Structure formats: structure tokens, C-alpha cells
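Student: The following block contains a protein sequence and its predicted model.
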Amino acid sequence: MSLAQRRGLNGRADTQALLGDRVRVVRLRPRWAKVVVPDQPTPTDARGYPGWVPRRQLTATPPAAGTTTATVVSRLAWLREDTAGGARVLRVSFGTRMPVVGSTGSWVRVTMPRGAVRRVRATQVSVHAPGDPALPATRASVVASAKGFVGLDYLWAGRSGFGFDCSGLTSLVYRVHGVRIPRDASPQSTAGQPVDRLRRGDLMFYADAGGVHHVSMYVGKGRMVHSPRTGTPVQVIDVDTPAYAREYAGARRYLS
């Protein structure tokens, strides 16, 4: 997307759901469905984050059951045809979860929501039991994942390896590490545990006129990683950067 196209999303999109994410349909229109995303908590709706999606992007077919799940742990990964040549079919994001049906050489074989079998490089996924975290819930691992997106363009409502807003980055990184936190910055600032002394992985919040509008993650040594605004990519900066230090409104801890 061009910068102008990304700016055009400001205020017009709510969040992203990934391939295979479960949603609950709460209203239908001819070409659109209003859904809630249970995996994205919000005080707006106890059932999950609400929004509208094109009906063509949904399927009511239950995903194939599998004894293991492959979660993408690289920024992006190509799904390929399940053949020796393996032509590229679809690029998917960090955090995408797919049932595993087998492996061959350096590839993991996974199923799509409508049953097609694809291949993904084993180095780009974590294979784990369903319900288990894809990556360990440690401070070092959470920080490493967040810093892995440095340089990625900001995307309003983004919650994927194609682009993040500030809270999309923190919430998806934590989800991949098995920690479920609210989708947006303001409710993130009231969950977890309050922080007196910052430790790596803690979330830091910024407010203007009493309202929290931004979140970053502390990475240690007086630095933080965040996705700041359209036109500025994910970056690591000093926590005492004046524009942020003067709006600092506290921190919360989601890791013991």
C-alpha cells in the first residue's frame, strides 16, 4: 500500500483478523457480515472485538482437527502448493495458526479453513499442541518478537505482519506468546498489574487530556519499541524522548 492509501484507512478500519481466526457472526447484510472476534478482548463487547467484514472472506466450515498446530513466527510466510515444486499460493502473517497434517523434508504440511493442504517452511513456524503458546512467555522472547518488526510500516487498525498500529503490535505479540490481552491501548492500560519499576516486556502508556492514545513496550536499558503513526515505521527509541515522556501515563505488567 502507498502512504496515501495507508493514510486513507485512518478512522475507517477497526482491526484485523488473521487467516483461520474464529469469528462469531452477529448480523448479516447482502455482501457484509458484522462479526465479533473472541480472541481480541475489548470492553466494547464482551463477546470480542466487533467489526464488519466482506462475507466472501468467511467460511462456516469448521477447520480440520489436528493433533498439532503450526503458528507462523516469522514476519510473513508463503503458503505453497502441496507438491514437489511448491508454487506460492498465499502470503500469511506472524501469528497465523493452522492445523498440521504432516511434514516432508524442510516443510510443514498444514490445512486451510476450507480444507486445502498447503506447505510452509518449517523454519517459519512453531509446531505445538493446540492451546499451547507458539513461543515461550518470557521477557526475552516477547521483546525479541516485538523488535523483529522494526522497520515495518505503521498501519491504522493493523494487527499483522503486513502492518501494525500501536496496540495491534503489543496484543498480537503477546498472543503468540500465550498471553491474551485487550486489543486496544486504553483497555490494555487498565488490565495486567501496575508497574513501579520497569522490566522488559512491560507496556508503557501515553495520554492526552486524560485519555490513553498510545502504547509501547519496554525493551530494557531505557529503550522502548513501538509503532508510532502513519508514515513512521516500528522503531526502538529512548523512553525519555520528549514527545512521549511528557505524555507518559504509567505502565502495566502482563508477565510474572
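Tutor: Cool, the structure landed. Numbering: from 1, shown residues only.
Student: can you tell me which helix in this protein is longest?
Tutor: helix 166-176 (DSSP state H).
Student: ok, residues contacting the next helix or strand after it?
Tutor: Reading on from helix 166-176 to the C-terminus, the next helix or strand found by DSSP states H and E is helix 185-188. The contact list for helix 185-188 (CB atoms under 8 Å, 6 or more residues apart in numbering) reads 41-43, 166-167, 170-171, 181-182, 203, 205, 211-215, 252. Just so you know, the C-beta spots here come from the backbone N, C-alpha and C atoms, and that holds for glycine as well.
Student: same deal with stretch 220-231?
Tutor: Outside stretch 220-231, the residues touching it (CB under 8 Å, 6+ apart) are 3, 6-7, 10, 143, 146-147, 149-150, 152, 154-156, 158, 164-166, 168-169, 200, 204, 214-219, 233-240, 244.
Student: Give me the buried positions along it.
Tutor: 223-228, 230 (16 or more other CB atoms under 10 Å).
Student: coming back round to it: just give me how far the longest helix of the chain sits from the chain centre.
Tutor: 5 Å (CA atoms, centre = their mean, to the nearest Å).
Student: which helices and strands sit right next to it?
Tutor: helix 139-147, strand 159-160, helix 185-188, strand 211-220, strand 223-226 (3 or more CB pairs under 8 Å, 6 or more residues apart in numbering; DSSP states H and E).
Student: circling back to that earlier point, now the buried members of the contacts of stretch 220-231.
Tutor: Counted by 16+ other CB under 10 Å, the contacts of stretch 220-231 give 6, 143, 146-147, 149, 152, 154-156, 158, 164-166, 168-169, 200, 204, 214-219, 234-235, 239, 244 as buried.
Student: Out of the buried residues of stretch 220-231, the closest to Thr61 would be?
Tutor: Ser227 (33.7 Å; CB to CB).
Student: how long is stretch 58-65 end to end?
Tutor: End-to-end distance for stretch 58-65, by CA to CA, to the nearest Å: 18 Å.
Student: in that stretch, what counts as buried?
Tutor: Neighbour-count burial for stretch 58-65 [16+ other CB under 10 Å]: 63-64.
Student: Kindly format the C-alpha coordinates of stretch 152-164 as PDB.
Tutor: Output of stretch 152-164 as PDB, limited to C-alpha atoms (Å, rounded to 0.1, in the frame of the first residue of the first chain):
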ATOM      1  CA  LEU A 152       7.600  -2.300   9.300                       C
ATOM      2  CA  ASP A 153       5.200   0.400   8.200                       C
ATOM      3  CA  TYR A 154       2.500   1.600  10.600                       C
ATOM      4  CA  LEU A 155      -1.000   0.600   9.500                       C
ATOM      5  CA  TRP A 156      -4.100   2.000  11.100                       C
ATOM      6  CA  ALA A 157      -6.000  -0.900  12.700                       C
ATOM      7  CA  GLY A 158      -3.200  -3.200  11.700                       C
ATOM      8  CA  ARG A 159      -2.600  -6.400  13.700                       C
ATOM      9  CA  SER A 160      -0.400  -8.400  11.400                       C
ATOM     10  CA  GLY A 161       3.000  -8.700   9.800                       C
ATOM     11  CA  PHE A 162       1.700  -6.600   7.000                       C
ATOM     12  CA  GLY A 163       1.400  -3.600   9.300                       C
ATOM     13  CA  PHE A 164       0.700  -2.700  12.900                       C
END
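Student: Distance from it to the middle of the chain?
Tutor: With CA atoms, centre = their mean, you get 9 Å for stretch 152-164.
Student: From Arg183, how far out is the residue positioned nearest the centre of the chain?
Tutor: Taking CA atoms, centre = their mean, the centroid of the chain lies closest to Leu172, which sits 2.7 Å from it. As for Leu172, its distance to Arg183 is 9 Å (criterion: CB to CB, to the nearest Å).
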